[in-house]
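1. Any chance you could fold what I've pasted below:
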Amino acid sequence: MGVKKFTQDVIKEGKRVRWPKREVLVPAIVVVVIIAAVVGLILMGEDALGKGLIDVLKSTFNK
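-> This next block holds a predicted model:
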């Protein structure tokens, strides 16, 4: 299979796909962005707690 045939097949399949309407797509994007932000904040908090714990352990064992 050549590159030209592959590209034609990809375009053909892309036209057959039922793409979501804007009314469905926008709320889904909003949900994904909110979930990503919440997970990012949770990971940032865990990172800060881990750093604090490591600092406490360092100061304890350096005495």
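2. who does the top helix by length along the chain touch, helix- and strand-wise?
-> For the chain, the helix with the greatest residue count under DSSP state H is helix 22-61. Helix 22-61 is packed against no helix or strand, with contacts defined by 3 or more C-beta pairs under 8 Å, 6 or more residues apart in numbering; DSSP states H and E. C-betas here are computed from N, CA, C, even on glycine.
3. Let's test this: mean pLDDT of that helix, rounded?
-> Averaged over helix 22-61, pLDDT sits at 96.
4. How far does that helix sit from its chain's centre?
-> 12 Å (C-alpha atoms, centre = their mean, to the nearest Å).
5. And the residue sitting nearest the centre point of the chain, how far from Glu23?
-> In the chain, the centroid-proximal residue (C-alpha atoms, centre = their mean) is Ala36; its distance is 6.1 Å. To Glu23, Ala36 is 22 Å away according to C-beta to C-beta, to the nearest Å.
6. Val39 now?
-> From Val39 across to Glu23, the span is 26 Å (C-beta to C-beta).
7. what does Val38 give?
-> The gap separating Val38 from Glu23 is 24 Å, by C-beta to C-beta.
8. which of these two has more neighbours?
-> Val38 (10 against 7; other C-beta atoms under 10 Å).
9. how about that one, what does it touch?
-> With C-beta atoms under 8 Å, 6 or more residues apart in numbering as the criterion, no residue contacts Val38.
10. Quick check: it vs Ile54, distance?
-> Taken as C-beta to C-beta, the span from Val38 to Ile54 is 25 Å.
11. same check, this time on Gly40
-> 21 Å.
12. same deal with Lys12?
-> 55 Å.
13. got it, and Thr7?
-> 52 Å.
14. Over to Leu25?
-> In terms of C-beta to C-beta, Leu25 sits 43 Å off from Ile54.
15. Could you do Val3 as well?
-> For Val3, the distance to Ile54 - C-beta to C-beta - is 52 Å.
16. Looking at these two, which one has more neighbours?
-> Ranked by neighbour count (other C-beta under 10 Å), Val3 and Ile54 place Ile54 first, with 10 against 7.
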